[in-house]
Structure formats: C-alpha cells, structure tokens
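**Student:** Sharing a model prediction with you, sequence too.
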Amino acid sequence: MKNIIFLAPPAAGKGTFSEYLVDNYGYTHLSTGDLLREEAEENEELKEFLKSGKLVDDKLIIDLVEKKLKKLAKTQPFVLDGVPRTLQQAQKLDIILNGLGFLNVVAVLIDVEKTTLVDRVVGRKVCPNCHKNYNTIIKEFQPRIDNVCDDCGATLITRSDDNLESFEVRYHEYEESVNPILAFYKAKGCLKVLYNNKVDQTEALKSLRSIVDEH
Ligand code: AMP
C-alpha cells in the first residue's frame, strides 16, 4: 500500500480521510496538529501559539515527525496529516523518508472550495480522547448524541483555533506556501488530487481507495 502525505487547506478533510485509512486499511496516522496539541497540554506558550493559527518552526516539526517515523516498521503504511506545510519541510521530509527506506510515497492534495471550508471550521467538533472529527452543522457528521463521541464516549470539544479569525490566518498560510510544495511533488511524479467539496464523500473516498490500491 502507498504511504500517503495529505496536502490540504484547514478543515479540508485530512483528519477524516486519515481515520478512514486507519479503520479500513490499518494505516498509522501521524498528525502534526494532534502531536502539537498533545504537547501543548503541558506547554502554555505552545498552547497560546496554536490559537493564532500561525505555523510553528520547521525544525520542531521535522524532528517530531522523524522521531515518529523512525519507530515505524517499514511494512507499516502511514498517513502524514499536516506536514509538509513549507517547501523546506517537504525537502527535509523527503530526505528522511528516503533515508529510512520509505519509498512508496504519494502526495495527495485535498481540493476544497473556501466557502465549504468555512462551514466545516465553524461547525467542527473533535474528540479530545480519540481525535475523531464531527460537525454540528453538517447532518452527516453529527454525533449520535449531542457533544458525545460515538466511538469512545468522551465529551467533544471545539478546537481553540477553529474560529474565523484563526481560519483566515491558516488559510492564508496555506495559500502562500502550497504552490512550491505541489511543484515539488509534481516534479517527483507522485502528486494526486482528490476533490472533496461535497457533503457526500462517497466519490472522494472511492478516489482515495484507488490511490491507496494503486501499485
Ligand atoms: P492542524 O491540526 O493540521 O490544522 O494543525 C494545527 C496547528 O498546528 C497549525 O495551525 C500550526 O500552528 C501547527 N502545525 C501543524 N502542523 C504544522 C507544520 N507541518 N508546520 C508548522 N506548523 C504546524
């Protein structure tokens, strides 16, 4: 199976698609956002910083990801969610993956229109325990019981950066940095695009499955 690197604006569905790959294909999900939020539980400065929506230092991210990748068996497929977010991260990550012998890698751009992203951000709720994503505005993604995780029963929370102000910062960061990253993966011949603008994700999941199963 392919190792997947998701490239996407905020709230495009990286987390949801990653969960799908974990549940249906046994992928390991490495989310830099989740790793940072866990670290921020014991680091007030980082906690405040994450609220802003600005990017954290490249070196911190790369070290974090390298540490996690080193622990993975070569046969264990993984999905990277949230990295790279700069060209430097893409270049460093490439060196690390090659060095560790992870060669079967595909970068997947999740393409979503900005108005759709705003709806997803405003309604998003997440489980602080198992990280499953929900949406209070979009019927298909509501939890069975208000504010309770379907899977583990924890009380759902709103991420501190899921507000319009922070979204605009994160979206701007994304727009500023994504083109050189896309060019990097295109030049390597391993870029795919997944369109995910609809509420019904059947088609998008079908495309994802065909990417995963491709040899
Ligand atoms: P996410 O959950 O992917 O939306 O990430 C939440 C926040 O974590 C971002 O707004 C950034 O502040 C930080 N972050 C996550 N991944 C990265 C990265 N690869 N580079 C820099 N900052 C990151």
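**Tutor:** Cool, got the structure.
**Student:** Neighbouring strands of the strand ranked longest in the chain in the sheet, and parallel or not?
**Tutor:** Ordering each strand of the chain by length in residues (DSSP state E) puts strand 105-111 first. Applying DSSP bridges, strand 105-111 is found paired with strand 3-7 (parallel), strand 191-195 (parallel).
**Student:** Please identify the most buried of those strands.
**Tutor:** strand 3-7 (a mean of 25; mean count of other CB atoms under 10 Å). C-beta: built from backbone N, CA, C; applies to glycine.
**Student:** what's the average pLDDT for stretch 49-61?
**Tutor:** In this model, stretch 49-61 has a mean pLDDT of 90.
**Student:** Averaged pLDDT, the lengthiest helix in the chain. What do you get?
**Tutor:** When the chain is parsed with DSSP state H, its longest helix is helix 164-188. The pLDDT scores in helix 164-188 average 95.
**Student:** So what touches that helix?
**Tutor:** 5, 7-11, 51-55, 84-87, 90-91, 94, 107, 109, 114, 117-118, 121-122, 160-161, 191 (CB atoms under 8 Å, 6 or more residues apart in numbering).
**Student:** how about that helix against the ligand, any contact?
**Tutor:** Yes - shown here: helix 164-188 in contact with the ligand (CB under 6 Å from any ligand atom) through residue 170.
**Student:** buried stuff in that helix?
**Tutor:** 166-167, 169-171, 173-174, 177-178, 181-182, 184-185 (16 or more other CB atoms under 10 Å).
**Student:** cool, stretch 204-213 as well?
**Tutor:** 204-205, 207-208, 212.
**Student:** cool, stretch 60-75 as well?
**Tutor:** By neighbour count on 16+ other CB under 10 Å, the buried set for stretch 60-75 is 61-62, 64-66, 69.
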